[in-house]
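Undergrad: Next input, structure requested:
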Amino acid sequence: MIPKTFKEVIDLGDGRTISIETGKLAKQAHGSVVVQSGKCMLLCTVVSNYKASDVDFLPLTVDYREKFAASGRYPGGFFKREARPSDGEVLTMRLVDRVLRPLFPKDYHAETQVMIQLMSHDDDVMPDAMAGLAASAAIQLSDFPFECAISEVRVGRINGEFIINPTRAQLEESDIDMVIGASADSVMMVEGEMGEISEEEMVEAIKFAHEAVKVQVAAQMRLADAFGRKEVREYEQEEEDETLAKDIHKMAYDKVYAVAKAGSSKHERSAAFSEIKEEIIASFSEEEIEAKRDLIKKYYYKAEKAAVRDLTLSEGLRLDGRKTDEIRPIWCEIDYLPSTHGSAIFTRGETQALATVTLGTSREANQIDMPSYEGEETFYLHYNFPPFSTGEARPIRGTSRREVGHGNLAQRALKGMIPEDCPYTVRVVSEVLESNGSSSMATVCSGTMALMDAGVQLKKPVSGIAMGLITDTDTGKYAVLSDILGDEDHLGDMDFKVTGTQEGITACQMDIKVKGLSYEILVKALKQARDGRLHILSKLTDTIDAPKPEVKAHAPKMVTTTIPGEYIGALIGPGGKVIQELQKTTKTTIVINEDPVTEEGLVEILGTDQDGIDAVLAKIDSITFKPEVGSVYEVKVIKILDFGAVVEYMDAPGNEVLLHVSELAWERTEKVTDVVNMGDVFDVKYFGIDSRTRKDKVSRKALLPKPEGYKERPPRSDRNDRGRGNDRRGPRQRRD
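TA: Numbers count the residues shown, from 1 in each chain. Reported below is the predicted structural model:
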């Protein structure tokens, strides 16, 4: 029996649509949809346990996977099965998670899983832009307690015109690549990269995307109504005690306010807050503590949050004593690590990042092998966040999703400033050594300086800043915070990171926790971010104002050249013998990439010794040397034969040609050594391919003056026509 299906179609314009369908697949899940655009199909399923987990948070897992069968391919490598998620898949998971998580009730602690799978791929559709839509649509068909439907769209801009969900080809022409997540009435998440756009242009792009989101949210509502809405499940809600909450607020608020106003360091402040909390707990009886310890802690943190926020809104002061627009002290240093190709330290307050740069050939490019995209990155950035950076000891279990996300943000901030003609593959690694507020932005700053220290000719330096927002909906008061601390990140209503040059924004990441944030406040926050960003930028340029003109002495120098495709084999040699020996003797790395269009070979030569690089270039010149007809070349005798001398072009060592005995001199030459000897250097003229021998012809005598009275001998063909009577003395005279 064919199941009954329900379907809604969203018109994207330009003949493109997105359909949302349910009722056919994965019916045992608590909600499932298939979202399709073109040939791209995503299957999203959602399941949530009915029993709460024994934790005090929402154990939500958002999983996005791309199946290789979706594009008719096999997984790469020996193990032919999809394994751990790629960085691209992790980034899509984060995009969806950041919008969904705040919409579940804070006291909902049931294990919840959102699984999104790419089942069919279309080269003209980027699936990550539809993942948020798929997740929300599936949740709308479930009985989960979830605040409202959301969706996500990608927005690009080509020739000044905004476009929703551009293709990858269109994105290459776009100066904006942003993904916006929102509900019908509020923007909740923004992430992307830009080509040095203004704050006003960024807000216009967000507005444009939000209108498209509203259409997609409406389609989800229609689908849920047609399918039949389920009653929201009942779940065990957290116990509340309003009297206890008021009592703890009275005990904690003033004390916390005083500590917050004192403007202390992170560790001093944490110790003081912890002492207040322990005092409050100790004021209760053992029975009360046993029964309500969790509630006491919860209400204490609520009072702490209220006191810190009120301090900022009423007095314009922050936890470390700064004003709202004040940046923490900054110090920078370059060339700190003597053996790296480039390095820099950036320290802002209690946040510190040490960045290194490594230069390599195209062999070191980062290979991307996903069902939805195959390619490589010649600039990439890795971000490491060890536990000691926050004074913690905890297990290290591989690269976290957070590390992938923060590294990607910093990479997007910087990659547009890498020159197109940069010959190197460039890897930046950021080691976060201290963290109390936006180590990703510290990574951007240290990365900028390390790149310039390495001699990478950045178009412009880039800086970044993390901003916060505190609002009071009752009074209408709000405060935009520059360069936020870690605590302010948790306590605020919005945190956003903005990177850019002197001219404009290159990347951003926003998480907005307050509903209905006005665009007026958003523009003001972005303007304040610009002021802070430029202040930080001035500190970077005070340390290093321009890229170093050359790479370091111990860093590899890169030279690229091209050779005709016909000579690639000669440079490689049989079994790679020529190129391997050349690399060994010159202490260089040589990489040859053939252009499939021009069939030319792009040769990359990497080495620390310029003499070695020059030797490789000389060898390439030798292999590809082509003398021009009529030109004169200096040669050296390298071998003596009975019928001539083998000479080598001085401009192209290894290129040999036979100088025939008849071309040595105008006079008859009985013995080659009568005219030239081993090691002699002289000029010859090149005549091209000899029609008789089909070999290159050069002549020494052509450059010498003819002896007085010299008579030309007739061409050999004329002498041969005379038959047997011909001899070397010339044709016989006909008898009358």
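Undergrad: Can you show me the helices along the stretch 451-600 of the chain?
TA: For the stretch 451-600 of the chain, the helices defined by DSSP state H, counting those that start in this stretch cover 486-491, 519-543, 568-572, 577-586.
Undergrad: So what's the model's average confidence on the longest one?
TA: What it means is helix 519-543. For helix 519-543, mean pLDDT rounds to 93.
Undergrad: And for the first one?
TA: Averaging pLDDT along helix 486-491 gives 83.
Undergrad: Who are the packing partners of it?
TA: helix 266-282, helix 286-315, strand 463-471 (3 or more C-beta pairs under 8 Å, 6 or more residues apart in numbering; DSSP states H and E). The C-beta positions use only the backbone N, C-alpha and C, and glycine is treated the same way.
Undergrad: pLDDT (mean, whole number) over the first one?
TA: Translated: helix 266-282. Mean predicted confidence for helix 266-282 is 91.
Undergrad: and if you look at the longest one?
TA: Helix 286-315 comes out with an average pLDDT of 90.
Undergrad: From residue 390, how far off is the closest residue to residue 73 other than its chain neighbours?
TA: Leaving aside its chain neighbours, residue 73 sits nearest to residue 371 (6.3 Å; criterion: C-beta to C-beta, 6 or more residues apart in numbering). Using C-beta to C-beta, to the nearest Å, we find residue 371 at a distance of 36 Å from residue 390.
Undergrad: Neighbour count for those two, which is higher?
TA: residue 371 (24 against 16; other C-beta atoms under 10 Å).
Undergrad: which residues touch the more buried one?
TA: 66-71, 73, 118, 121 (C-beta atoms under 8 Å, 6 or more residues apart in numbering).
Undergrad: now with 6 Å?
TA: Going by C-beta atoms under 6 Å, 6 or more residues apart in numbering, residue 371 touches 66, 68, 70-71, 121.
Undergrad: tell me the most buried of the helices and strands packed on helix 486-491?
TA: Highest mean neighbour count among the helices and strands packed on helix 486-491 (mean count of other C-beta atoms under 10 Å): strand 463-471, with a mean of 26.
Undergrad: What helices and strands are in contact with the one helix or strand residue 95 maps to?
TA: In the assignment (DSSP states H and E), residue 95 maps to helix 87-100. Taking 3 or more C-beta pairs under 6 Å, 6 or more residues apart in numbering; DSSP states H and E as contact, the helices and strands that helix 87-100 lies on are strand 60-66, helix 128-140, strand 187-197, helix 401-415.
Undergrad: Export those to a markdown table and append columns for mean neighbour count and distance to residue 385.
TA: Compiled in a markdown table, the helices and strands packed on helix 87-100 are given as follows (neighbours: other C-beta atoms under 10 Å; distance: least, C-beta to C-beta, whole Å):
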| stretch | mean neighbour count | distance to residue 385 |
| --- | --- | --- |
| strand 60-66 | 19 | 20 |
| helix 128-140 | 28 | 24 |
| strand 187-197 | 22 | 19 |
| helix 401-415 | 23 | 5 |
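Undergrad: re earlier: and the two most separated of the contacts of residue 371?
TA: Using C-beta to C-beta, the pair of the contacts of residue 371 lying farthest apart is 68 and 121, separated by 9.3 Å.
Undergrad: more neighbours, those two?
TA: With neighbours defined as other C-beta under 10 Å, residue 68 and residue 121 compare such that residue 121 has more, 23 against 18.
Undergrad: What is the neighbour count of residue 367?
TA: Residues near residue 367, counting by other C-beta under 10 Å, number 9.
Undergrad: what does residue 356 give?
TA: Around residue 356 there are 23 residues (other C-beta under 10 Å).
Undergrad: repeat for residue 355
TA: Neighbours around residue 355, by other C-beta under 10 Å: 33.
Undergrad: In the chain, which strand is the longest?
TA: strand 40-52 (DSSP state E).
Undergrad: helices or strands up against that one?
TA: Helices and strands touching strand 40-52, as assessed by 3+ C-beta pairs under 6 Å, 6+ apart, comprise strand 31-37, strand 110-120, helix 128-140.
Undergrad: Please identify which of these is closest to residue 457.
TA: Closest approach to residue 457 among these (C-beta to C-beta): helix 128-140, 32.2 Å.
Undergrad: other SSEs contacting that closest one?
TA: Helices and strands touching helix 128-140, by 3+ C-beta pairs under 6 Å, 6+ apart, are strand 31-37, strand 40-52, helix 87-100, strand 110-120, strand 150-158, helix 199-227.
Undergrad: To residue 414, which of those lies closest?
TA: Of all these, helix 87-100 sits nearest to residue 414, with 16.5 Å by C-beta to C-beta.
Undergrad: angle of the closest one against strand 187-197?
TA: Calculated by axes from the mean of the first three to the mean of the last three C-alpha atoms, to 10 degrees, helix 87-100 forms an angle of 130 degrees with strand 187-197.
Undergrad: Can I get helix 87-100 in CSV? Just the C-alpha atoms.
TA: This file holds the C-alpha atoms of helix 87-100, laid out as CSV (Å, rounded to 0.1, in the frame of the first residue of the first chain):
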residue,chain,number,x,y,z
ASP,A,87,35.1,19.4,8.8
GLY,A,88,32.5,20.5,6.3
GLU,A,89,29.9,18.3,7.9
VAL,A,90,30.8,19.5,11.4
LEU,A,91,30.4,23.1,10.3
THR,A,92,26.9,22.3,9.0
MET,A,93,26.0,20.6,12.3
ARG,A,94,27.1,23.8,14.2
LEU,A,95,25.0,26.0,11.9
VAL,A,96,21.8,24.0,12.7
ASP,A,97,22.6,23.4,16.4
ARG,A,98,23.1,27.1,17.2
VAL,A,99,19.6,27.9,16.0
LEU,A,100,17.7,24.9,17.4
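Undergrad: so for that helix, what's the average pLDDT?
TA: The average pLDDT for helix 87-100 rounds to 96.
Undergrad: ditto for stretch 357-364
TA: For stretch 357-364, mean pLDDT rounds to 92.
Undergrad: what's the offset of it from the middle of its chain?
TA: For stretch 357-364, the separation from the chain centroid amounts to 14 Å (computed by C-alpha atoms, centre = their mean, to the nearest Å).
Undergrad: what comes into contact with it?
TA: For stretch 357-364, the surrounding residues in contact (C-beta under 6 Å, 6+ apart) are 341-342, 424-425, 427-428, 450-451, 454, 555-556, 589, 591, 604, 606.
Undergrad: same thing with stretch 598-612?
TA: 361, 556, 558-563, 565, 568, 586-594, 613, 616.
Undergrad: what do you get for stretch 388-402?
TA: Taking contacts as C-beta under 6 Å, 6+ apart, the residues outside stretch 388-402 that touch it are 90, 94, 387, 432-435.
Undergrad: Give me the mean pLDDT for that stretch.
TA: Summarised as a single mean, pLDDT over stretch 388-402 is 88.
Undergrad: Send me it as PDB with only the CA atoms.
TA: The C-alpha coordinates for stretch 388-402 follow below in PDB (Å, rounded to 0.1, in the frame of the first residue of the first chain):
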ATOM      1  CA  PHE A 388      45.200  24.600  30.300                       C
ATOM      2  CA  SER A 389      44.200  27.800  28.400                       C
ATOM      3  CA  THR A 390      41.300  28.100  30.900                       C
ATOM      4  CA  GLY A 391      43.100  26.600  33.900                       C
ATOM      5  CA  GLU A 392      41.300  23.200  33.600                       C
ATOM      6  CA  ALA A 393      42.400  19.600  33.500                       C
ATOM      7  CA  ARG A 394      40.200  17.500  31.300                       C
ATOM      8  CA  PRO A 395      40.600  14.600  28.700                       C
ATOM      9  CA  ILE A 396      41.600  15.500  25.100                       C
ATOM     10  CA  ARG A 397      39.500  13.400  22.700                       C
ATOM     11  CA  GLY A 398      40.500  14.700  19.300                       C
ATOM     12  CA  THR A 399      39.500  18.000  17.600                       C
ATOM     13  CA  SER A 400      36.300  19.300  19.000                       C
ATOM     14  CA  ARG A 401      33.400  20.800  17.000                       C
ATOM     15  CA  ARG A 402      34.200  24.100  18.600                       C
END
